[in-house]
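Colleague: structure of the sequence below:
(one chain, ligands or ions: 1)
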Amino acid sequence: MADRVAVVTGGGRGIGRAVSILAARAGYRICLSYVSDAAAARQVVAAIEAEGGQAVAVQGDVGVETDVLALFAAADRLGTVAALVNNAGVVDVAARVDAMSAERLRRMMTINVVGSLLCAREAVRRMSTRHGGQGGSIVNLSSVAAKLGGAGQYVDYAASKGAIDSFTVGLAREVAPEGIRVNAVAPGIIDTEIHASGGQPDRARALAPLIPMQRPGTAEEIGGPIVWLLSEEAAYMTGAIVDVTGGR
Ligand code: NAP
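Modeller: Purely as a prediction, here's the structure:
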């Protein structure tokens, strides 16, 4: 498939940015989404085009169904959807469960869980041989938090990533006979702006002593394994949740 498209949600910054650039180098046309930072998304498109690749940036909230439909319509205009990286995700400020509002919980689950499922639904509708597609590969962003639980800080976020793990295993088994592989990458502490959005801009560096490798990971160190999972080198992998944590 010369016109194969990778949809990368939240592809304007952080891990999604690295995935977009590395997947473009691997030969995909990139359809990336962003929710508010148009300048960052445009910069990723420009970086890909400067290397001879093709990319478009689409504004939209993964938790809003009409936005997800518009994202995949844009991907269809670019070529054949062959890969999805469910990367868009949010944290919230550190809090105990007994202090969390219903609004916070709904936002967390809507973006991190419902958003990933909606995007996967659209991808399967296009990739599955059952629907006349040519197969494909999906990678979901889990987190080591799914196992550690986030006590005292973000149990809601950890639970949303636990849901991603179950979703990864279940969808992988559901669509394996239809030419689609579904895996997850579970990063440890990665040096991106997500920590600032949770009110702890220095979190990645501050927690370095707790990481066996004594440093946070980079976005590229997560993007590399994700793009590898998308590739034919991982042709017999599905339903796997791959820890990329520096040993944590
Ligand atoms: P980040 O730097 O905060 O970037 C998040 C990206 O997601 C941005 O491009 C943002 O768009 C987009 N986004 C946020 N809400 C969205 C929504 N409702 N709809 C569409 N896009 C949305 O985050 P990151 O650190 O790269 O994290 C990426 C993924 O890895 C997340 O799923 C996160 O949970 C997971 N993860 C991260 C770490 C870590 O330590 N960094 C560890 C484990 C797992 P804008 O640019 O428009 O704001």
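Colleague: ok, and the closest non-adjacent residue to the residue nearest to the spatial centre of the chain?
Modeller: Centroid check for the chain by Cα atoms, centre = their mean gives Asn87 as the closest residue, at 1.5 Å. Closest residue to Asn87 apart from its sequence neighbours, by Cβ to Cβ, 6 or more residues apart in numbering: Gly16 at 4.1 Å. (Each C-beta comes from the backbone N, C-alpha and C, glycine too.)
Colleague: and the one you found, how far from the ligand?
Modeller: 5 Å (Cβ to the nearest ligand atom, to the nearest Å).
Colleague: element containing that residue, please.
Modeller: Assigned by DSSP states H and E, Gly16 belongs to helix 14-25.
Colleague: list of residues touching that helix?
Modeller: 6, 8-11, 30, 32, 40, 44, 47-48, 51, 53-55, 83, 85, 87-88, 141, 187, 190, 192-194, 218-220, 222-224, 226-227, 230 (Cβ atoms under 8 Å, 6 or more residues apart in numbering).
Colleague: stretch 152-172 now?
Modeller: 86, 89-92, 94-97, 100, 104-105, 108-109, 112-113, 116-117, 120, 124, 138, 140-143, 145-146, 148-150, 181-184, 186, 198, 238-239, 241.
Colleague: buried subset of these as a PyMOL selection?
Modeller: Listed next is the PyMOL selection for buried residues among these, using 16 or more other Cβ atoms under 10 Å:
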select buried, resi 86+89+90+91+92+95+108+109+112+113+116+117+120+124+138+140+141+142+143+145+146+150+181+182+183+184+186+198+238+241
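Colleague: so which bits of the chain are right by the ligand?
Modeller: Proximity of the chain to the ligand (Cβ under 6 Å from any ligand atom) is limited to residues 9-10, 12-16, 33-37, 40, 61-63, 87-90, 111, 141, 143, 187, 189-190, 192-194, 197.
Colleague: for ChimeraX, write a command that selects the buried ones of those.
Modeller: ChimeraX command restricting the residues of the chain next to the ligand to the buried ones, with burial defined by 16+ other Cβ under 10 Å:
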select :9,10,12,13,14,15,16,33,34,35,40,61,62,63,87,88,89,90,111,141,143,187,189,190,192,194
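Colleague: now do the same contact list for Ala241.
Modeller: You called it Ala, but residue 241 is Ile. Contacts of Ile241 by Cβ under 8 Å, 6+ apart are 142, 165, 168-169, 183-186.
Colleague: spatially, which two of those residues are the most separated?
Modeller: Spatial extent of these (Cβ to Cβ) is set by the pair Val169 and Val185 at 14.1 Å.
Colleague: who's more crowded, those two?
Modeller: Taking neighbours as other Cβ atoms under 10 Å, Val169 and Val185 compare with Val185 leading, 26 against 17.
Colleague: next, the angle from the helix or strand the more buried one falls within to helix 14-25.
Modeller: Val185 is part of strand 180-187 when elements are defined by DSSP H and E. Taking axes from the mean of the first three to the mean of the last three Cα atoms, to 10 degrees, strand 180-187 and helix 14-25 form an angle of 140 degrees between their directions.
Colleague: could I have the CA atoms of the lengthiest helix in the chain written out in PDB?
Modeller: Longest among the helix segments of the chain by residue count, using DSSP state H, is helix 155-175. Below are the C-alpha coordinates for helix 155-175, written out as PDB (Å, rounded to 0.1, in the frame of the first residue of the first chain):
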ATOM      1  CA  VAL A 155      -6.200   6.900  40.600                       C
ATOM      2  CA  ASP A 156      -8.700   8.100  37.900                       C
ATOM      3  CA  TYR A 157      -5.900   8.300  35.300                       C
ATOM      4  CA  ALA A 158      -4.500   5.000  36.300                       C
ATOM      5  CA  ALA A 159      -7.900   3.400  36.000                       C
ATOM      6  CA  SER A 160      -8.400   4.900  32.600                       C
ATOM      7  CA  LYS A 161      -5.200   3.200  31.500                       C
ATOM      8  CA  GLY A 162      -6.300  -0.100  33.100                       C
ATOM      9  CA  ALA A 163      -9.300   0.200  30.800                       C
ATOM     10  CA  ILE A 164      -6.900   0.700  27.900                       C
ATOM     11  CA  ASP A 165      -5.100  -2.600  28.800                       C
ATOM     12  CA  SER A 166      -8.400  -4.600  28.800                       C
ATOM     13  CA  PHE A 167      -9.500  -2.900  25.600                       C
ATOM     14  CA  THR A 168      -6.200  -3.800  23.900                       C
ATOM     15  CA  VAL A 169      -6.500  -7.400  24.800                       C
ATOM     16  CA  GLY A 170     -10.100  -7.700  23.900                       C
ATOM     17  CA  LEU A 171     -10.000  -5.900  20.600                       C
ATOM     18  CA  ALA A 172      -6.800  -7.700  19.600                       C
ATOM     19  CA  ARG A 173      -8.700 -11.100  20.000                       C
ATOM     20  CA  GLU A 174     -11.800  -9.700  18.300                       C
ATOM     21  CA  VAL A 175     -10.100  -8.500  15.100                       C
END
